[in-house]
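A.B. asks: Let me see the structure of the following:
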Amino acid sequence: MNIGLLLTKRCNAQCAHCATDSGPYQTQALPTQKVLSVMNEAAKRLPAGESLLFGVSGGEAFLDLEQLVEVIRHGVGLGATVTCVTNAYWATSDSKAQAIVARVREAGLTHLAASTSRYHQRFIPIERVKRALSAARAAGINTLLKIVYSGPDQKEGLVQRWADFVGADALQAFPVVPYLRRGGELPLEHYVRTPGLPKGRCPSPALTVREDGAAFNCCTPGGFEALLQVGNVFDCSLDALVDRYHFDPVFQVLRERGPIHFARHAIRNGDGGRLRSAYADVCDLCAHVASDATLAKLARDSAKTYRSRWAKRVAGKMRANASVVTRKSKLQSLTK
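C.D. replies: Numbering: from 1, shown residues only. Modelled structure (predicted):
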């Protein structure tokens, strides 16, 4: 089971591409007791033999280091792997970076990711990202560099240059998508897109709980829309949220067919003009469908139809199997 926990909307940066609209003046955050309660529920319902992972992020989770340490320690105590994402603002010197890394390592953190991009670097120098991940590697923590890149970055080869400079254990690079902070706008050339509708199923579904308690099927930029929401941890149990995550028709389609199923339904319905001619990837298409009211309604309707047809196929196979078993039983009785 993989659960994302966005502890806070507060951040010391205001990156243009931030889909959660996090920033210095945001105050909303998940109370620590609610975070621990969600973690406890997850551990209790974990099927035998499965692993548990909590991915902690924000906003900027390191702004409340005491809460972060408590959350990490609690998750590790439940037998889970705990990962964390940061912008590394805190790595202002080698000694400061080493001291903070020591706190989270002692709590049990085994994986640390740091984000950078041309948007991040307006607020956080990439030297701090390098310093934070270097301290983490020295402490035995697995490191990941997360890069959101633009068209110009790709043309100038900046992704590889940033990766080489930071020297993390692994790199995760993905293009910026047009789901920005409120009032934000980027030049069209910043978007890296491929013409046509991207094929493929949902690449990494994960139950994600936001700072206001709202829970979603994923954490992709633009994915925090009603179509992809499974509920709120303040209103219902984690069991109910996980059941919706597994059995909601929309999520079934995304896992089995991908968002192209919804796009094709919109085209057949005469609403293909609401789609773009090019997308970055399947997540971009999914977020576009979810963020457009008309496309989202069409998606929900088509998902219900898909579930109905799926149920009929399953029922038909069950009847056919039952018929085969009955015939075999009759033959066996006749040959005795």
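A.B. asks: What helix or strand is Cys84 located in?
C.D. replies: strand 81-86 (DSSP states H and E).
A.B. asks: hmm, who's touching that strand?
C.D. replies: 51-58, 60-62, 68, 71-72, 75-76, 104, 108-115, 132, 146 (CB atoms under 8 Å, 6 or more residues apart in numbering). Yep, even glycine has a C-beta here, placed from its N, CA and C like the rest.
A.B. asks: Filter these down to the buried ones.
C.D. replies: By neighbour count, with 16 or more other CB atoms under 10 Å, these hold 52-58, 60-62, 68, 71-72, 75-76, 104, 108-115, 132, 146 as buried.
A.B. asks: list the helices and strands the longest strand seen in the chain packs on?
C.D. replies: The longest strand of the chain (DSSP state E) is strand 142-149. Counting contacts by 3 or more CB pairs under 8 Å, 6 or more residues apart in numbering; DSSP states H and E, strand 142-149 packs against strand 111-116, helix 126-138, helix 158-166, strand 170-175.
A.B. asks: Roughly how far does Glu225 sit from Tyr245?
C.D. replies: 15 Å (CB to CB, to the nearest Å).
A.B. asks: Identify the residue nearest Lys9 in space, chain neighbours excluded?
C.D. replies: Excluding the flanking residues, the one nearest Lys9 by CB to CB, 6 or more residues apart in numbering is Gln26, at 4.0 Å.
A.B. asks: So which bits of stretch 293-311 are buried?
C.D. replies: 295-296, 298-300, 302-303, 306-307.
A.B. asks: Can you tell me which of those residues is closest to Glu189?
C.D. replies: Leu295 (25.2 Å; CB to CB).
A.B. asks: picking up where we left off before, quick one: buried residues of the strand holding Cys84?
C.D. replies: 81-86.
A.B. asks: and it with strand 111-116, angle?
C.D. replies: For strand 81-86 against strand 111-116, the angle between stretch directions is 20 degrees (axes from the mean of the first three to the mean of the last three CA atoms, to 10 degrees).
A.B. asks: Note down every partner strand of strand 81-86 and its orientation.
C.D. replies: strand 53-57 (parallel), strand 111-116 (parallel) (DSSP bridges).
A.B. asks: helix, strand or coil for Glu41?
C.D. replies: helix (DSSP: H, G, I helix; E, B strand; the rest coil).
A.B. asks: Wait, it touches Ala240, no?
C.D. replies: No: distance between Glu41 and Ala240: 10.3 Å, which falls outside the contact criterion (CB atoms under 8 Å).
A.B. asks: Trp162 and Gly270, how far apart?
C.D. replies: In terms of CB to CB, Trp162 sits 44 Å off from Gly270.
A.B. asks: When those two are compared, which one has more neighbours?
C.D. replies: More crowded of Trp162 and Gly270, by other CB atoms under 10 Å: Trp162, with 23 against 8.
A.B. asks: what residues are up against the more buried one?
C.D. replies: 116, 126, 145, 147.
A.B. asks: List the contacts of the last one.
C.D. replies: Translated: Ile147. Contacts of Ile147 by CB under 8 Å, 6+ apart are 115-117, 159, 162-163, 171-174.
A.B. asks: Run through the bridge partners of it.
C.D. replies: The partner residues for Ile147, given DSSP bridges, come to Thr116, Ala173.
A.B. asks: Shouldn't Tyr89 be within a strand?
C.D. replies: No: using three-state DSSP, the secondary structure at Tyr89 is coil, not a strand.
A.B. asks: start at 760 instead
C.D. replies: All right, first residue 760 from here; so that's Tyr848.
A.B. asks: I'd guessed it sits against Glu819; true?
C.D. replies: Yes: using CB under 8 Å, Tyr848 is in contact with Glu819, at 6.7 Å.
A.B. asks: any shared contact partners between the two?
C.D. replies: Contacts common to Tyr848 and Glu819, judged by CB under 8 Å, 6+ apart, are 771-772.
A.B. asks: Many thanks, have a good one.
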